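Asker: Whatever this is, show me its structure:
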Amino acid sequence: MRHGAAYLKRVPLAEWIWLPLWLLAASLSIFQHGPMPIFSTRTLSVAWEMWQRNSFLVPYLNGVPYTEKSPLLFWLIQLGWAVGGVSDIWPRCLAVLMGTAQLVLAAALARRLFPDRPRTARAVPWLLMAFSYGFLFDLQIMYEVLLAIFVLAAFLALVPGPRRDQPQFLWFAFAVGFGMLAKGPVMLLHVVFPWLLGPLWSDWARQHRRRWYRHGALAVLTGFVLLAAWALPAIWAGGAVYRHALLFRQTGRIVNAFAHAEPFWWYLPLLPLLVFPFTLWPRSWVAVARLSRPVEPGVRFLYAWLAPVLVVFSLISGKQPYYLLPEYAGFALLLGFACVRLLDRNDRQATSRWLGPWPLALASFVWGGVLLALPWLVASNKISGSWDVALATHAVPFGVVYLLLGLLLAVPRRAELYRIAFAGLTGTAAASMLFGMTVWPAFNLAPPAALLGQAQLQGRPVASLDLDGDDFHFLGRLTKPIERLHDCQALLQWTDAHPAGLIVSYPSKPSRGTLYMQRFRGVWLDIWQASTCHNAPAQCMGGSRNDFRQCGRVEAKTRQSGMPVAERES
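Answerer: Next up, the predicted model:
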């Protein structure tokens, strides 16, 4: 039987049918719930404070200059606000558009790297949009997605095109510069190695080594000039504090990044997660394992890109899976080429059913069965977790969806890769929608942010315990900073000075006497009247993640003496 050998053959409209599928899945997922705390809300808060202050050059967060990121993403958000007004609709549309641009550029790079294997370019956008982790984080309003666009644009400038062999170093310079405006000099870590190792994969670089390195170095310097065109006026406009933070604090962050807070091998066990669902497709592992000599120039380019980046990011102590988002296109390119090459060999490993997606089908059947059984498990009190109870309210229809996806994967048919990609994209989008319909209230900061925003409109100040409160500014349209209180002494002094104010805390257990309370990411979010915290600091701070036990001792002594808390503490 030869039906298995057609797992990558062209299906009708396969070259572009991925685009409406991506737009539909991404739009449904991103508009199913509001901006995600930390990942999206902090970005929006910086953009909002820049907008509210009319500060085009200097980003602000919670009232102070924000030196951790360059401003390009904030500018793009404000550009949409200038046209349609301030809302979270345009930033979410922008996230979908950036994800679309990433897919288009990845397909274009595949055509450049593998001109003799056009099926690779058709497969790459399917692979890239089906990566579950990448899909979920592409829909966050984050810097890495914008950075990935300029990384791919830089590579398109270096790689030979259909009508030219010479690199376009001017476009490479612009891509590097705008990439640094997207996320700072870290852009160089993503693009510098294919340039430095150019003679290993580029015939032009081998033949014109001096021009390759001289023009490439000039392009990198030009990129720094583009960054400086923003940074120098920003340093002048931001004043001495911003200048010191931007020049010296950033340097300290880079130096301290090699302190190995995480082990060197931390990214290695995460790689199967990053390429899921293809982790559960045995044929993909066989295809990658069979990448051997002769190594084509496109594959040498991918090795020169991915291997050094993984090593360097493994050396840096600060590690997050989404730091590698610009490399996800490289993973898709390597996997797509490997699958095409395996298909071209047309041997037993290209046709064996045992190498089909049956593990992924089995996982989909199991997850679908769990969702179908979840309402019964909750109703019979066999499980009672808050998330389980929430998921049970909409679990059944989504359980049916995953059973159907498992059936799609289990039945041997043509276009195996495309079926896996469709199932991966649909399954991830369905999980995102299920999250938005059930668990999202435990992540939704819009209600407390609205309460804080109304308080500020009334002239009532706001403070926060444990965290900085950066996530509330855009959602509540706050116009003043949220003051951070670090200890009991600061709490009592603040409540004495601002008896009408509000205080945000994040205890591990529910509290009594709060003005507002909700679950939030495994803990609780409380909003207190300052007067309550002033008179009963131990009750206000009960279960807080910081150590406020001294408040309890102060309160106990106060009750024994009958003296007001603030007077006793002084």
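
Asker: what sits against Phe56?
Answerer: Phe56 sits next to Met50, Trp75 when contact means C-beta atoms under 8 Å, 6 or more residues apart in numbering. C-beta coordinates here come from the backbone N, C-alpha and C atoms, glycine included.

Asker: so when I look at it, I'm seeing a strand, right?
Answerer: No - Phe56 sits outside any strand when classified using DSSP: H, G, I helix; E, B strand; the rest coil, being coil.

Asker: Setting aside sequence neighbours, what's the nearest residue to Leu72?
Answerer: Sequence neighbours aside, Leu181 is the residue nearest to Leu72 in space, at 4.1 Å (criterion: C-beta to C-beta, 6 or more residues apart in numbering).

Asker: and the one you found, what element?
Answerer: Leu181 belongs to helix 169-183 when elements are defined using DSSP states H and E.

Asker: Need the mean per-residue confidence for that helix.
Answerer: Helix 169-183 carries an average pLDDT of 95.

Asker: Next: stretch 216-224.
Answerer: Average pLDDT, stretch 216-224: 96.

Asker: Equivalent analysis for stretch 35-51, please.
Answerer: Throughout stretch 35-51, pLDDT has a mean value of 93.

Asker: contacting residues around it?
Answerer: Stretch 35-51 is contacted from outside by 55-56, 58-63, 66, 69, 71, 73-74, 77-78, 81, 86, 88, 91-92, 137, 140-143, 443, 445, 470-475, 477, 520-521, using C-beta under 8 Å, 6+ apart.

Asker: For it, what is the distance to the chain centroid?
Answerer: Mean-position distance between stretch 35-51 and its chain equals 13 Å (C-alpha atoms, centre = their mean, to the nearest Å).

Asker: same check, this time on stretch 21-30
Answerer: With C-alpha atoms, centre = their mean, you get 16 Å for stretch 21-30.

Asker: Burial check on Asp344, number of neighbours?
Answerer: Close neighbours of Asp344, defined as other C-beta atoms under 10 Å, add up to 12.

Asker: List the contacts of it.
Answerer: Asp344 neighbours (C-beta under 8 Å, 6+ apart): Arg117.

Asker: how near is it to Val295?
Answerer: Going from Asp344 to Val295 by C-beta to C-beta, to the nearest Å gives 15 Å.

Asker: per-residue confidence at Thr251?
Answerer: At Thr251, pLDDT is 48.

Asker: Pro115 too?
Answerer: At Pro115, pLDDT is 89.

Asker: that's a strand at Arg484, yeah?
Answerer: Yes - applying three-state DSSP, one finds Arg484 inside a strand.

Asker: Please tell me I have it right and it contacts Leu491.
Answerer: No - taking contacts as C-beta atoms under 8 Å, Arg484 lies outside contact range of Leu491: 11.0 Å.

Asker: and these two? which has more neighbours close in?
Answerer: Taking neighbours as other C-beta under 10 Å, Arg484 and Leu491 compare with Leu491 leading, 28 against 15.

Asker: So which elements touch the one helix or strand the more buried one maps to?
Answerer: Per DSSP H and E: Leu491 is located in helix 488-497. Packing partners of helix 488-497 (3 or more C-beta pairs under 8 Å, 6 or more residues apart in numbering; DSSP states H and E): strand 483-485, strand 502-505, helix 530-535, helix 537-540, helix 549-561, helix 565-569.

Asker: mean confidence for it?
Answerer: 85.

Asker: Could you pull out the strands in the chain for me?
Answerer: Using DSSP state E, the strands found in the chain span residues 60-61, 64-65, 462-465, 483-485, 502-505, 516-520, 523-529.

Asker: Tell me which of those strands sits nearest to Trp265.
Answerer: strand 523-529 (30.7 Å; C-beta to C-beta).

Asker: Could you tell me the angle between that closest one and helix 488-497?
Answerer: Orientation check (axes from the mean of the first three to the mean of the last three C-alpha atoms, to 10 degrees): strand 523-529 against helix 488-497 gives 40 degrees.

Asker: list the helices and strands strand 523-529 packs on?
Answerer: Counting contacts by 3+ C-beta pairs under 8 Å, 6+ apart, strand 523-529 packs against helix 446-457, strand 502-505, strand 516-520.

Asker: ok, Ala395 to Ala430 distance?
Answerer: Distance, Ala395 to Ala430, by C-beta to C-beta: 11 Å.

Asker: ok, those two, which is more surrounded?
Answerer: Ala395 (23 against 19).

Asker: Go ahead and confirm the more buried one touches Trp376.
Answerer: No - Ala395 lies out of contact with Trp376 (C-beta under 8 Å); the separation is 9.9 Å.

Asker: picking that back up, now the helix holding Leu491, how far from the centre of its chain.
Answerer: On C-alpha atoms, centre = their mean, the centre of helix 488-497 falls 37 Å from the chain's centre.

Asker: List the buried residues of it.
Answerer: Within helix 488-497, the residues scored as buried using 16 or more other C-beta atoms under 10 Å are Cys488, Leu491, Leu492, Gln493, Trp494, Thr495, Asp496.

Asker: Can you tell me the number of residues neighbouring the closest residue to Ala175 other than its chain neighbours?
Answerer: Ranked by C-beta to C-beta, 6+ apart and with sequence neighbours excluded, the top spatial neighbour of Ala175 is Ala154, at 3.7 Å. By other C-beta under 10 Å, the residues close to Ala154 number 28.

Asker: So for Ala154, what's the pLDDT?
Answerer: For Ala154, the predicted pLDDT is 96.

Asker: for Gly562, same thing?
Answerer: 48.

Asker: do the same with Gly161
Answerer: Per-residue confidence (pLDDT) for Gly161: 82.

Asker: Next, count neighbours for the residue nearest to it when sequence neighbours are not counted.
Answerer: Excluding its sequence neighbours, the residue lying closest to Gly161 (C-beta to C-beta, 6+ apart) is Arg112, at 6.2 Å. For Arg112, the count of nearby residues is 17 (other C-beta under 10 Å).
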